[in-house]
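Novice: Sequence below, structure please.
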Amino acid sequence: MVERREIEIFLTVGEELHFGRSAERLHVSVAMVSKTVRKLERSVGAALFERTSRRVAFTAIGRRLFEDLKPAHQAVLDAFARAVAAGRGVDGVLRVGFLGTATAEFVVRAAELLRTRHPGCEVRLHESRFTDGTAPLRDDVIDVLLIDNFAAPLSTLAPEHGAGPVLFREAPMLAVSARHPLARREAVDVAELARYEVLRPRAAAEQAVRASTPGQAARWVAPEGAERLFAAGRADAPSFPLGGAPGGRAAGRSTEFGSVQEMWALVGAGHGVFPVPTHASVYDARPDVAFVPVEGAPAYEWRLVWLAAADNNRVRAFSEAACDYVAAHPDPLTATARAPRGSRA
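Specialist: Numbering: from 1, shown residues only. Model (predicted):
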């Protein structure tokens, strides 16, 4: 096996065609250069240089090896240089994922703050789906993701994920049809949710769990955070699925949705209810949907997550900008929702 240092010595001798000058460039002895060249020649099984007391020249095999190795060696050096620049620098492209319009506004504001500090950093936005979870990180679609604890509870993140601090919290509200009986209520207790048809995101491959009975279809199992919300007050809360019914009875098949717009259409048409963070009542207000506060439920907690292996200065700089923006705007999602276009409230 040829070592990197041996390749460097061979290439330097090939460039200098002089053992003494090569030794000076590499800060080694002439004897070390000679010894390395002889070792390489034994490995190849042929002379690489013609050497006399007056000159050093390539053999045909030596020249071919030099011409093959030099660009490959330079490509390796360039690749490491780019990796170092990407890891240590902030300039470049950062791909940020989000879910929903209001969170997009927040990401834009954080990106603008980042750009004032690092003009060479370009933030590109990517809208995720309800069923995506952290998959876009794993699939190298994005570098960092703004997500809530219901979609990705911190306790369920894989060890390869990194996570920033909680940026902000929001109380949950229940989105119901404007014609639904709950629409006239001032609030609904979380324990009551099991009485109603709760919509659920269409099952993604990694969220579908095959039933124990052979031949039965896979069903969607709520993330840990959603389980706490939907199953509050029940003895079997840890395993209670979305759309369940009180008293341990199985509920009818819950209607599924694949996008945010599908969810709003289904809620507005009275096909089910769905819990949403508070900012949705401001940003997604529509005449056919009412928003009812949910009492006794855990709060939505928003944070940035990323792959630990992809952690770099751009990710850290964006996380810092997001934290600083929140420090100046304690209610950032509803603030950005109410702020006029072009404002920096």
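
Novice: Excluding its own residues, what touches the host helix or strand of residue 162? List them.
Specialist: Using DSSP states H and E, residue 162 sits within strand 161-163. Outside of strand 161-163, the residues within contact range by Cβ atoms under 8 Å, 6 or more residues apart in numbering are 134, 137, 154, 157, 303, 304, 305, 306, 307, 308, 311, 315. (Glycine included, C-beta is placed from N, CA and C.)

Novice: List the buried residues in the helix or strand following it.
Specialist: Using DSSP H and E, the helix or strand that follows strand 161-163 towards the C-terminus is strand 168-170. Neighbour-count burial for strand 168-170, counted by 16 or more other Cβ atoms under 10 Å, picks out 168, 170.

Novice: which strands and helices sit next to the lengthiest helix in the chain?
Specialist: Taking DSSP state H as the assignment, the helix of the chain that covers the most residues is helix 60-88. Applying 3 or more Cβ pairs under 8 Å, 6 or more residues apart in numbering; DSSP states H and E, we find helix 60-88 packed against helix 4-16, helix 313-328.

Novice: if we can go back for a sec, in PyMOL, select just the buried ones from the contacts of strand 161-163.
Specialist: Buried members of these, defined by 16+ other Cβ under 10 Å, are picked up in PyMOL with:
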select buried, resi 134+137+303+304+305+306+307+315
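
Novice: Can you tell me which of the contacts of strand 161-163 is nearest residue 126?
Specialist: residue 137 (10.5 Å; Cβ to Cβ).

Novice: so where's this protein shaky on pLDDT?
Specialist: Within the chain, the segments meeting pLDDT under 70 span 84-88, 155-156, 203-253, 334-345.

Novice: residue ranges for the helices of it, please.
Specialist: 4-16, 19-26, 30-44, 60-88, 101-117, 135-138, 224-230, 260-268, 279-283, 313-328, 332-338.

Novice: Now distance to residue 52 too, for those helices, in CSV please.
Specialist: Formatted as CSV, these follow (distance: least, Cβ to Cβ, whole Å):
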stretch, distance to residue 52
helix 4-16, 15
helix 19-26, 12
helix 30-44, 14
helix 60-88, 15
helix 101-117, 61
helix 135-138, 60
helix 224-230, 76
helix 260-268, 78
helix 279-283, 81
helix 313-328, 53
helix 332-338, 76
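
Novice: I'd like to know which of these lies nearest to residue 295.
Specialist: Using Cβ to Cβ, these put helix 224-230 closest to residue 295, at 11.6 Å.

Novice: Show me the beta-bridge partners of the closest residue in space to residue 267 that isn't next to it in sequence.
Specialist: Excluding the flanking residues, the one nearest residue 267 by Cβ to Cβ, 6 or more residues apart in numbering is residue 175, at 4.9 Å. Judged by DSSP bridges, the bridge partners of residue 175 are residue 274, residue 291.

Novice: how far away is residue 175 from residue 49?
Specialist: 78 Å (Cβ to Cβ, to the nearest Å).

Novice: who's more crowded, the two?
Specialist: residue 175 (26 against 21; other Cβ atoms under 10 Å).

Novice: my guess is the more buried one meets residue 275, correct?
Specialist: Yes: between residue 175 and residue 275 there is a contact under Cβ atoms under 8 Å: 7.4 Å.

Novice: re the thing from before, could I get the helices and strands packed on helix 60-88 as JSON lines with distance to residue 117?
Specialist: Below are those laid out as JSON lines (distance: least, Cβ to Cβ, whole Å):
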{"stretch": "helix 4-16", "distance to residue 117": "38"}
{"stretch": "helix 313-328", "distance to residue 117": "7"}
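
Novice: closest to residue 148 out of these?
Specialist: helix 313-328 (14.1 Å).

Novice: which outside residues touch the closest one?
Specialist: Outside helix 313-328, the residues that reach it (Cβ under 8 Å, 6+ apart) are 86-90, 92, 94, 96, 106, 109-111, 113-114, 117-118, 121, 123, 143-144, 146, 162, 164-165, 167-168, 304, 306, 332.

Novice: redo that, cut-off 7 Å
Specialist: For helix 313-328, contacts defined as Cβ atoms under 7 Å, 6 or more residues apart in numbering pick out 87-90, 92, 94, 96, 109-110, 113-114, 117-118, 121, 143-144, 164-165, 167-168, 304, 306, 332.

Novice: Repeat that for stretch 28-42.
Specialist: Contacts for stretch 28-42 (Cβ under 7 Å, 6+ apart): 6, 9, 10, 13, 19, 20, 22, 23, 47, 48, 49.

Novice: Check the separation of the first and last residues in stretch 133-144.
Specialist: 12 Å (Cα to Cα, to the nearest Å).

Novice: And that stretch, how far out from the chain middle?
Specialist: 4 Å (Cα atoms, centre = their mean, to the nearest Å).

Novice: likewise stretch 15-23?
Specialist: Using Cα atoms, centre = their mean, the offset of stretch 15-23 from its chain centre is 49 Å.

Novice: next one: stretch 272-290
Specialist: 26 Å.

Novice: CA atoms of it as CSV?
Specialist: The C-alpha trace of stretch 272-290 is given here as CSV (Å, rounded to 0.1, in the frame of the first residue of the first chain):
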residue,chain,number,x,y,z
GLY,A,272,-62.6,16.2,11.1
VAL,A,273,-60.7,18.4,13.5
PHE,A,274,-57.0,19.0,13.8
PRO,A,275,-54.7,20.6,16.4
VAL,A,276,-52.6,23.5,15.2
PRO,A,277,-50.2,26.0,16.9
THR,A,278,-51.6,29.4,17.9
HIS,A,279,-50.1,31.2,14.9
ALA,A,280,-52.3,29.3,12.5
SER,A,281,-55.4,31.2,13.9
VAL,A,282,-53.7,34.4,12.8
TYR,A,283,-52.0,33.4,9.6
ASP,A,284,-54.4,30.8,8.3
ALA,A,285,-57.7,32.3,9.3
ARG,A,286,-60.5,31.5,6.9
PRO,A,287,-64.3,31.8,7.0
ASP,A,288,-65.1,28.1,7.1
VAL,A,289,-62.7,27.3,10.0
ALA,A,290,-62.8,28.2,13.7
